[in-house]
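Trainee: A structural model of the following input is requested.
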Amino acid sequence: MESEKSKILIAEDEPDLLSIMDGLLSPHFDVVLAKDGFEAKKLIESHNFLFLILDSHLPDLSGLSLVGIIANQQLPPPMSSILMTT
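Mentor: Numbering: from 1, shown residues only. Below you'll find the predicted structure:
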């Protein structure tokens, strides 16, 4: 019986970078993708992720703002958050 993959979220507004990260990580994780900060926030509120990879310059709501929201609103906390910039 195959074990279930851990779920991660990648929030990135650059389609090429999003595709590369998805391709690299999807063999190892159940990857959920978001193209902006509001979409990422909705997903964080409704799923349990092992970790998040957040673009610091997302449209509408930055990755840094999302980390603050997770802490302040006590949303389901992931194990880790990775904040990146391009």
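
Trainee: wasn't Phe49 part of a strand?
Mentor: No - note on Phe49: no strand contains this position according to DSSP: H, G, I helix; E, B strand; the rest coil, which reports coil.

Trainee: that one and Leu9 touch, don't they?
Mentor: Yes - if you go by C-beta atoms under 8 Å, Phe49 and Leu9 touch, sitting 4.9 Å apart. For every residue, glycine as well, the C-beta is placed using N, CA and C.

Trainee: what's stretch 31-47 in contact with?
Mentor: Surrounding stretch 31-47, the residues in contact under the criterion C-beta atoms under 8 Å, 6 or more residues apart in numbering are 7-13, 15, 18, 21-22, 25, 49, 52, 54, 58-63, 65-66, 69-70, 75-76, 78.

Trainee: sort out which of the residues you listed are buried, if you could.
Mentor: Buried members of these, counted by 16 or more other C-beta atoms under 10 Å: 7-13, 18, 21, 49, 52, 54, 58, 61-63, 66, 69-70, 78.

Trainee: quick one: which of those residues sit in strands?
Mentor: Counted as lying in strands by DSSP state E, out of those, are 7-11, 52, 54.

Trainee: for the record, mean pLDDT for stretch 52-71?
Mentor: Across stretch 52-71, the average pLDDT comes to 89.
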